[in-house]
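Asks: Predicted coordinates and the sequence they were generated for:
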2 protein chains.
Amino acid sequence: MRADARRNYDRIVEVAREVFREQGYDASLDEVAKRAGVGPGTLYRHFPKRENLLDAIMQSWVAKVSETADKALAHEGSDRELLLNWFQEYVGLISQHRGGPAKITSAMGDPASPIMTKCQVLAQANERVIDRLREDGCLRADVDTLQVCRLVGGVATVADQGELDPEAVRPMLEVVADGLLK
Amino acid sequence: MRADARRNYDRIVEVAREVFREQGYDASLDEVAKRAGVGPGTLYRHFPKRENLLDAIMQSWVAKVSETADKALAHEGSDRELLLNWFQEYVGLISQHRGGPAKITSAMGDPASPIMTKCQVLAQANERVIDRLREDGCLRADVDTLQVCRLVGGVATVADQGELDPEAVRPMLEVVADGLLK
DNA sequence: ACCTGAACACCGTTCAAGT
DNA sequence: ACCTGAACACCGTTCAAGT
C-alpha cells in the first residue's frame, strides 16, 4: 500500500469513528469523506460497502471485548450477579454508536456480512461466560449461546432506538437472566 | 373532504399497505404515489410525515389487536401457555411488514409519535393479559407492562432484522416468559 | 380546495481524467 | 497505483401554476 493511500485510509477510519459516534451508523459517508479531506471516490475505493468501514472501525474493539469478558468472569459474587453484569457489559459493547445494536445483532447470524468475524469474537466471549455458568450447573438445559446474544441484543436494540437510559434497561436484562437461570 | 380528495386518500392508503407489505416500512413514497396515480405533492398533503401514512394503514389493525387479546385470554391451559401464546400473537401483530417491530416498539414510549394512539391500544391489550396473570398470582412482584412490551418487541425486532423463522423465535419468548413467571 | 409536476436538496455510487 | 471531482440515479420535500 502506497504511503498516501495508507494515510488516507487511516484518516477515513479515524474520522468515521468520530462521525458515527456523533450521528450514528446511518451518518452520511459524504460527510466522512469531506471531513477526512478526500474525494468520495477514495472512500469507496477503500470501503466499497458501508459495512467495510464499520469493520475497520471495529478493529480495536475486539481486544476490548475479550478483556471485558475476562473481567466479567473474574467477578466475585453469585452466578446471577455475574450473568447480569456480563449482560450490562455486553449491551455497552454493542451500543457504542446509534444503530450498532441492530447492525451487530443481525450480522451475528449472517455469514455474508463483512463484520462477521468481529461478531464471532463477541459470540465467543459470550460463550465463555455461558459455558462457565453451565459448568456450575445453574443454567437451564437447553440454553443456546446464539439465542442469548439475540435476546440481549434485542434489549440493546430497543434501548438504542427508544433512547432508554440504563435504569430502564437493567430490569429487562434481569428478566432475561432469570429466564435462563434455574 | 372533497370527493376526489377522499378517493385519492383511500387509494394512497390502500396502495401503501400493499407496498409496505412487499418492501417494508422503508419503501419509497415516490413508488406509493406513482402506483396510486397521484403526484408526490398529493401524498404529502395528506400525509406530511411517513408516520402519518403508517398511522392510516394501522386503522383497521386496532380491532384485530383487541380481538387477538380476547382470544388469548380465553385460552384453556396453563398460565405459561397462555402467556407464551399471547407473546407469539403479539410478535405476529407487530410484524406485519419489515421495520414494523422496531417502529412500533420505539413509538410506544414516545408521546410525539403519530402512531402513539395505535400503540396504546396494543399496550392496553398486553396489560389485560398481564393483569389477568397477576390476579392469578403467578407473576413476579415488579413486572411492568411497558417493560414486557419492550422485551417482546425486542425479540420481534431481532427476528425481523435477522429474518429468523418462528422456530427460532419461540425459545426466546420462552426465556422471557420464564423470566416473568414465578 | 385540491392536484400536478417541475424543481431543489441530499446522498450514494461510478468513472473518466489526472498525478 | 491512487486520487479527484464531475456526473448520474434515487428519493424526500416544496411550491408555483393550474383546475
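Replies: Thanks, I have it.
Asks: Return the distance of the nearest residue to A:Thr145 once chain neighbours are set aside relative to B:Lys71.
Replies: Nearest non-adjacent residue to A:Thr145, counting by CB to CB, 6 or more residues apart in numbering or on different chains: A:Glu127, 4.6 Å away. All C-beta atoms are positioned from the backbone trio N, CA, C, and that covers glycine. Computed as CB to CB, to the nearest Å, the A:Glu127 to B:Lys71 distance reads 39 Å.
Asks: These two - which one has more neighbours?
Replies: Neighbours per residue (other CB atoms under 10 Å in any protein chain shown) separate A:Glu127 from B:Lys71, with A:Glu127 holding more: 17 against 12.
Asks: Check which helix or strand the more buried one maps to.
Replies: Using DSSP states H and E, A:Glu127 maps to helix A:116-135.
Asks: I'd like to know which elements whichever helix or strand comes after that helix is packed against.
Replies: Next helix or strand after helix A:116-135 toward the C-terminus (DSSP H and E): helix A:145-161. Helices and strands touching helix A:145-161, by 3 or more CB pairs under 8 Å, 6 or more residues apart in numbering or on different chains; DSSP states H and E, are helix A:79-94, helix A:100-107, helix A:116-135, helix A:166-180, helix B:100-107, helix B:145-161, helix B:166-180.
Asks: Contacts only, for A:Ala16.
Replies: A:Val32, A:Ala36, A:Leu53, A:Ala56, A:Ile57 (CB atoms under 8 Å, 6 or more residues apart in numbering or on different chains).
Asks: How about it: what's its closest non-neighbour residue?
Replies: Nearest one to A:Ala16, counting by CB to CB, 6+ apart, is A:Val32 at 5.0 Å.
Asks: For the one you found, give me its contacts.
Replies: A:Ile12, A:Val15, A:Ala16, A:Val19, A:Leu43, A:Leu53.
Asks: Same list (these) but as TSV, adding pLDDT.
Replies: Formatted as TSV, the contacts of A:Val32 follow (pLDDT from 0 to 100):
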residue	pLDDT
A:Ile12	98
A:Val15	98
A:Ala16	98
A:Val19	98
A:Leu43	98
A:Leu53	98
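Asks: now, which of the residues you listed sits nearest B:Glu174?
Replies: Checking those against B:Glu174 by CB to CB gives A:Leu53 as the nearest, at 37.6 Å.
Asks: wait, doesn't that closest one sit right on A:Ile12?
Replies: Yes: assessed by CB atoms under 8 Å, A:Leu53 is found in contact with A:Ile12 at 7.4 Å.
Asks: and for the two, which residues touch both?
Replies: Listed as contacting both A:Leu53 and A:Ile12 by CB under 8 Å, 6+ apart are A:Val32, A:Leu43, A:Phe47.
Asks: Domain parsing of chain A, as residue ranges.
Replies: With domains defined by automatic domain parsing, chain A comprises A:3-49, A:58-180.
Asks: gap between the nearest residue to A:Val15 once chain neighbours are set aside and chain B?
Replies: Nearest residue to A:Val15 in three dimensions, chain neighbours excluded: A:Ala36, at 4.3 Å (CB to CB, 6+ apart). Distance check for A:Ala36 against chain B: by CB to the nearest CB, to the nearest Å, it reads 28 Å.
Asks: OK, contacts around A:Ala36?
Replies: A:Asn8, A:Arg11, A:Ile12, A:Glu14, A:Val15, A:Ala16, A:Leu43.
Asks: what does A:Leu151 give?
Replies: Here A:Leu151 is in contact with A:Val176, B:Gly154, B:Val155, B:Val158, B:Met172, B:Val175, B:Val176 (CB under 8 Å, 6+ apart).
Asks: which stretches of chain A aren't confidently modelled?
Replies: Under the criterion pLDDT under 70, no range of chain A is flagged.
Asks: Flag every residue of it that's near chain B.
Replies: A:102, A:105-106, A:108-110, A:140, A:142, A:144, A:147, A:150-151, A:153-155, A:157-158, A:161-162, A:164, A:168, A:171-172, A:174-180 (CB under 8 Å from any CB of the partner chain).
Asks: end-to-end on stretch A:31-40?
Replies: 9 Å (CA to CA, to the nearest Å).
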